[in-house]
Every structure is written in C-alpha cells, then in structure tokens.
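Peer 1: Give me the fold of what follows.
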Amino acid sequence: MFMVVLGFSSQAQVPIIGTIIGKVIKAIDLKVQRMQNETIWLQNVQQVAEQELSKSKLAEITAWQQRQEDLYAGYFDELKKAKRSITGLSQVKRIISMQGEVMTAYNRFAHTRAFVSEYDALLANSVEILETLQVVVGAGMTMKDSDRITMITTLRDAMNQCLKNIKSLNEQQVSSAVANARLKADLQFVKRLNGIQ
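Peer 2: Purely as a prediction, here's the structure:
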C-alpha cells in the first residue's frame, strides 16, 4: 500500500511539477525578454547620447574651423593688399628706371639735326608718363588699389614702348653713322687708288 500511495502521489506530482517548471521557464523567459528589452533601450539611449555628443563635438569643431577661417581670411586680405602695394612699388621703380634709360639714350644722339624732333617728342612723351605716374601714386587721387595698379601697369607699358622707340632711333643713328663712315672710307680708298687727294 505504501507503494501504491507513493506511485500514485508521484504520478500526481509529475503534472504539477511540469506545470511549475513551465511557469518557472515562462517567468525566466519573461525576465530574459525584459532584460533584453532593457538592454536594447540602454543601447538606444547610448546611441542617442553618442549622437548628441558627436553633434556637440562637430559643432565645436565647426565653430573652431570658422574662427580659424575668419582669422586667416583677415591675414590673407592683408597679404593681398601688401602684395598689390609691393607690385605697384616695383612697377613705379621700373618706370623711373626706364625714364633714366630714356634720358641716357636721348643724350647719346639727340644733338643730331636729322632726328631732333623725334628725340624731343619721345622725351616729352616720357616726361608726360612720369607726370601721370606722379598723379596716380599721389595722395590726392582716390581710387581702388586694383585700378591704381592697372593704371601703373599701363604707364609702365607706355614707358617701355617709349624706351624701345628711342633705342630704335639710336640704332638708326648708329647704322647711318656706320654707313656714312664706310662711304667716306670707300671714297678715300678710291681717291688714293686714283691718286686723287
């Protein structure tokens, strides 16, 4: 009888234990699902926090970059202005130097009667260029730096052309003088050959 009671009671306990184990498994499963949901929620919160931190850092980097651009833009503007001034100054020096060359070339042959008017016209042109340059670089004339540089460049080109013209005129003088000297030498040679003094 004891066996029967035991057998009966163990058979009756099997469905109860199965039910309890099933409930425990479901409870554990629910607990695991809750933990997974909490983990997913925490991961989402972490992603949002990381995104906000990234946005914050990106905003800081962008602000820093903008400050650097503003700072260096000012420097570059100043450098451009300085470059324009230096360019203008070097062109002014070149114009004055070319005027000196014009004067030297003028003084070599300006006394020749055949070309006096051409030399005088070229010299007057170079003086006019210098007078215009004086007005352009003077404090009394207000204009943009770029316009001033353009005018100085135009005056430099004009002075360069004036110098070329006077050098060309000098070359003509030299060629003419050489041709005359050859002609005289040839004439003297022919006279000596023929015994004519």
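Peer 1: now the helices for this structure?
Peer 2: With DSSP state H as the criterion, the chain has helices at 2-109, 116-137, 145-193.
Peer 1: Put together a markdown table for the ones you listed, with mean pLDDT on each row.
Peer 2: Converted to a markdown table, those look like this (pLDDT from 0 to 100):
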| stretch | mean pLDDT |
| --- | --- |
| helix 2-109 | 79 |
| helix 116-137 | 86 |
| helix 145-193 | 83 |
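Peer 1: winner for burial among those helices?
Peer 2: helix 116-137 (a mean of 16; mean count of other Cβ atoms under 10 Å). Quick note: C-beta positions are derived from backbone N, CA and C, even for glycine.
Peer 1: by how many degrees do it and helix 2-109 diverge?
Peer 2: Relative orientation of helix 116-137 versus helix 2-109 (axes from the mean of the first three to the mean of the last three Cα atoms, to 10 degrees): 140 degrees.
Peer 1: Please work out the angle formed by the directions of helix 116-137 and helix 145-193.
Peer 2: 160 degrees.
Peer 1: Please work out which residues outside helix 116-137 touch it.
Peer 2: Contacting residues not belonging to helix 116-137 are listed as 88, 92, 95-96, 98-99, 102-103, 106, 109-110, 112, 141, 148, 151-152, 155, 158-159, 162-163, 165-166, 169 [Cβ atoms under 8 Å, 6 or more residues apart in numbering].
Peer 1: Centre of the chain to it, how far?
Peer 2: 36 Å (Cα atoms, centre = their mean, to the nearest Å).
Peer 1: got it, and stretch 73-89?
Peer 2: How far stretch 73-89 lies from its chain's middle: 11 Å, per Cα atoms, centre = their mean.
Peer 1: cool, stretch 59-67 as well?
Peer 2: The chain centroid and the centroid of stretch 59-67 are separated by 23 Å under Cα atoms, centre = their mean.
Peer 1: next one: stretch 158-170
Peer 2: 35 Å.
Peer 1: Just the C-alphas of it, formatted as PDB.
Peer 2: In PDB, the C-alpha atoms belonging to stretch 158-170 read as follows (Å, rounded to 0.1, in the frame of the first residue of the first chain):
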ATOM      1  CA  ALA A 158      53.900 103.100 -72.200                       C
ATOM      2  CA  MET A 159      57.300 104.000 -70.800                       C
ATOM      3  CA  ASN A 160      58.700 100.600 -72.100                       C
ATOM      4  CA  GLN A 161      57.400 101.500 -75.600                       C
ATOM      5  CA  CYS A 162      59.000 104.900 -75.400                       C
ATOM      6  CA  LEU A 163      62.300 103.400 -74.400                       C
ATOM      7  CA  LYS A 164      62.100 100.900 -77.300                       C
ATOM      8  CA  ASN A 165      61.400 103.700 -79.700                       C
ATOM      9  CA  ILE A 166      64.300 105.800 -78.600                       C
ATOM     10  CA  LYS A 167      66.600 102.800 -78.700                       C
ATOM     11  CA  SER A 168      65.400 102.000 -82.200                       C
ATOM     12  CA  LEU A 169      66.100 105.700 -83.200                       C
ATOM     13  CA  ASN A 170      69.600 105.400 -81.700                       C
END
